[in-house]
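A.B. asks: Sequence isn't available, so here's the structure alone:
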């Protein structure tokens, strides 16, 4: 447990965050973009937990922030999927390139 | 190298590998299943850090809730067997460059910084303690954010219903149009 330094866990969460960023940049399908955002939120959660466990072991604030982030991510996913279904009804596609009425 | 560190590296490789597959595979249903594996790997990481409560929350909310919701919406919107079109080459090149420079910058910054723990007490997660501090109004309790989060969840739930609801008037008019 203690022989893994904190930096290795931070490397893991950095890698996961940038995997999410890559997915967000390259994908044009709204559902897969939402999945990339979930990956990024999870990497942030790993950071909160690791900092709490390694640097402030007598406190619980990182745990609380992780729980709140998970809750907000659940709410965000639910609203996003409602919007996606509504978009599919009006455009018959969930590609972000097809929803360009308000672009110009 | 002890067993614990070997397990950590295996879990880390699992999370990163399934994460990469989740953002690069071109079949959307497979992407959601890879995302599911990545989230399970993160739950395993919480287990490895001896945070059993958080691992359980992760599995319940993400694996049991969000991924199932995503799979439902995939079935409702697109043909899940079809391959998605390839991303435009210039876009993927610039995305890869941004990711490479950003991650290189951050990894170097992390590896140069020395983290100093503030105390030497062993971290011990007690669910009892979480509940007490969550509903406490004094002593750095989290009652106000807890209530705000519950209001946010209620608002999100009602908002989802309102957004995804079919408007009845439009249905009635289209129905009349089809009859006429």
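C.D. replies: Perfect, I can see it now. Just so you know, these numbers come straight off a predicted model, no measurement behind them.
A.B. asks: Could you check how many residues crowd around residue 90?
C.D. replies: I'll assume chain A. 9 (other CB atoms under 10 Å in any protein chain shown). Backbone N, C-alpha and C define where each C-beta goes, glycine included.
A.B. asks: not what I meant, chain B
C.D. replies: With other CB under 10 Å as criterion, residue B:90 counts 8.
A.B. asks: gap between it and residue B:42?
C.D. replies: 32 Å (CB to CB, to the nearest Å).
A.B. asks: now residue B:58
C.D. replies: Distance from residue B:58 to residue B:42, by CB to CB: 6 Å.
A.B. asks: Now do the buried residues in stretch B:102-113.
C.D. replies: Neighbour-count burial for stretch B:102-113, with 16 or more other CB atoms under 10 Å in any protein chain shown as criterion, is recorded at B:103, B:106, B:107, B:110.
A.B. asks: how far is it from where the chain is centred?
C.D. replies: 24 Å (CA atoms, centre = their mean, to the nearest Å).
A.B. asks: Same question for stretch A:84-93.
C.D. replies: 23 Å.
A.B. asks: And for stretch A:79-88?
C.D. replies: For stretch A:79-88, the distance to the chain centre is 18 Å (CA atoms, centre = their mean).
A.B. asks: contact partners of it?
C.D. replies: With contact meaning CB atoms under 8 Å, 6 or more residues apart in numbering or on different chains, stretch A:79-88 is reached by A:30-31, A:34, A:94, A:99, B:69-70, B:72-73, B:76-77, B:156, B:159-161, B:163-164.
A.B. asks: let's see it at 10 Å
C.D. replies: A:29-31, A:33-34, A:37-38, A:93-96, A:98-99, B:66, B:69-70, B:72-74, B:76-78, B:155-157, B:159-166 (CB atoms under 10 Å, 6 or more residues apart in numbering or on different chains).
A.B. asks: Show me what residue of chain A gets nearest to chain B.
C.D. replies: Nearest residue of chain A to chain B, counting by CB to the nearest CB: residue A:23, 3.1 Å away.
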